[in-house]
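Asks: coordinates for the following, if possible.
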Amino acid sequence: MTEKPVDTFRACIPLFQVLGDVYRQDIILLLAEKKSLTVNEITDHSTLSRPAISHHLKLLRQANLVTIEQKGTQRFYSLSLEPSIDQFKKLVSIVEEKCL
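Replies: As a prediction, the model looks like this:
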């Protein structure tokens, strides 16, 4: 059985919600530029507090958009976009195939 377009759209809702926030967009763009940063380093590039940055990173992690690498006592955040890009590609493909 093939997946319906509506099912694919609904599977993408969490990604759309996470990506809809400008602060999370800024974090993604910063990590794209810098590759890997700690919470403190991300906070240095933002007007948000450290707890707010941590909250946004938590949401990005839950959406599988960032990963954490532990190095000693520090945690480094970096982008992990491939699963999300694959999901968006699937959505575009289904929309093109079924809706156009």
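
Asks: point out where the chain drops to low pLDDT.
Replies: Applying pLDDT under 70 to the chain flags the ranges 1-3, 100.

Asks: at 90 instead, please
Replies: 1-12, 14, 81-100 (pLDDT under 90).

Asks: just want the most central residue of it.
Replies: residue 65 (3.1 Å; CA atoms, centre = their mean).

Asks: and the helices in this protein?
Replies: 5-19, 22-34, 39-44, 50-62, 82-99 (DSSP state H).

Asks: what's the closest of these to residue 72?
Replies: Using CB to CB as the measure, helix 39-44 is the one of the helices of the chain that comes nearest residue 72, at 14.2 Å. (Glycine included, C-beta is placed from N, CA and C.)

Asks: quick one on the thing from earlier: residues in contact with the residue nearest to the centre of the chain?
Replies: Taking CB atoms under 8 Å, 6 or more residues apart in numbering, we find residue 65 in contact with 15, 18-19, 28, 79-81, 84.

Asks: again, only using 6 Å
Replies: Shown in contact with residue 65 (CB atoms under 6 Å, 6 or more residues apart in numbering): residue 84.

Asks: okay, it and residue 8: tell me how far apart.
Replies: According to CB to CB, to the nearest Å, residue 65 stands 18 Å off from residue 8.

Asks: what's the burial count for the closest residue to residue 38 other than its chain neighbours?
Replies: Spatially, and ignoring its direct neighbours in sequence, residue 38 is nearest to residue 74 (5.4 Å; CB to CB, 6 or more residues apart in numbering). Per other CB atoms under 10 Å, the neighbour tally for residue 74 reads 11.

Asks: equivalent analysis for residue 60, please.
Replies: Neighbours of residue 60 (other CB under 10 Å): 22.

Asks: go ahead and confirm it touches residue 77.
Replies: No: judged on CB atoms under 6 Å, residue 60 makes no contact with residue 77 at a distance of 8.0 Å.

Asks: common neighbours of these two, please.
Replies: Counting by CB under 6 Å, 6+ apart, the residues touching both residue 60 and residue 77 are residue 66.
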